[in-house]
Each structure stands twice: as C-alpha cells, then as structure tokens.
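*Asks:* need a 3D model of the sequence below.
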Amino acid sequence: MLIAASAIPALADPFEDAVAKFANDDFSDTDDAVGEIATSGNAQAFAIISALQEGRLLADPDSKKVFATGADGKGLDAATGAPVATVPDSAVAVRLNNRLRRTIEAALGGLTLMSPDPARRIQAAQSVFKTHDAAML
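*Replies:* Residues are numbered from 1 along each chain as shown. A predicted model of the protein is given here:
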C-alpha cells in the first residue's frame, strides 16, 4: 500500500501554479494569472493583484519564484504571504501593458464587491462597470 501511494505524483496547487505564471514574463500568461487568481477565492488574491497594480510584485526569472514587497519594503512569498529573508537581486517587477492594467482594475473591483464596507462595494461596482469586462460580473 505504501509503495502505491508513493508512486502517485503530488497534485499541484492551481493557485500556486497561477502565481508562478507571473515569472514567465509574458503578457498573455500574466493576463491568465490575474483571471485565475481573481476567481480562486484564495485569501491572498487581493494582495497579489494589488501588488501587481502598484509595481510591488516581483518575479525572479532564475528561480521562477514570485515575491511581493510590503509597504515596509520587506519581501513576502506572493503565493503564501509569508515573509522571506531576502528577495533575490535578480527579481524584477512584473511588466504590465494597458490591457493588463484594465484587467487588473476589473479584477480588483470584482474582489472588493463583497467588502463589508458599503462605500468600498460601490467603488468596486463602479470599477467593474467602467472596465466593461463581462467576465468579472
């Protein structure tokens, strides 16, 4: 029984797979990652997409790891939110284009529609409708 169990490969975490796409330095992969993360239901989704919008999401092309920097400048593992000792010097900000900026705005709007703060929900709804992205409705 133990032998059979060890032969089964570990299942990949879809959320972590989506976060890893940011390290590919490809606009299409980044777009896919934003959509997958926004609809994942993961507690880290808003923080990751906010960091991307603010230029605080960094990808290391060597290790394919993705990091976010906090307001204090300290590094975090983007997928888990756990602090990291250091962010590699080779890590660079994930690149954006105008299409991605619109996608990010819609994703953040969708993620905040469930906020307990009524003013924030209104702002989120306006953001979603402004981008005209039916997928986020």
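*Asks:* can you pull out the helices in this protein?
*Replies:* Counting by DSSP state H, the chain has helices at residues 2-7, 14-20, 27-38, 45-53, 98-112, 118-131.
*Asks:* count of neighbours near L111?
*Replies:* For L111, the neighbour count with other Cβ atoms under 10 Å is 21. All C-beta atoms are positioned from the backbone trio N, CA, C, and that covers glycine.
*Asks:* pretty sure it is touching Q44, no?
*Replies:* No. L111 lies out of contact with Q44 (Cβ atoms under 8 Å); the separation is 11.0 Å.
*Asks:* hmm, D29 is touching K21, no?
*Replies:* Yes. Using Cβ under 8 Å, D29 makes contact with K21 at a distance of 4.3 Å.
*Asks:* between those two, tell me which one has more neighbours.
*Replies:* Between D29 and K21, K21 has the larger neighbour count (other Cβ under 10 Å), namely 21 against 16.
*Asks:* state the pLDDT value of the more buried one.
*Replies:* The score at K21 is 97. That number is its pLDDT.
*Asks:* what sits against the residue nearest to it when sequence neighbours are not counted?
*Replies:* Spatial nearest neighbour of K21, excluding adjacent residues (Cβ to Cβ, 6 or more residues apart in numbering): A33 at 3.9 Å. Each residue near A33 by Cβ atoms under 8 Å, 6 or more residues apart in numbering is listed here: 18-19, 21-22.
*Asks:* and which of these is nearest A78?
*Replies:* Using Cβ to Cβ, V19 comes nearest to A78 of the contacts of A33, at 5.4 Å.
*Asks:* quick check: pLDDT value at the residue nearest to the closest one when sequence neighbours are not counted.
*Replies:* Excluding the flanking residues, the one nearest V19 by Cβ to Cβ, 6+ apart is A79, at 4.4 Å. Predicted confidence (pLDDT) for A79: 94.
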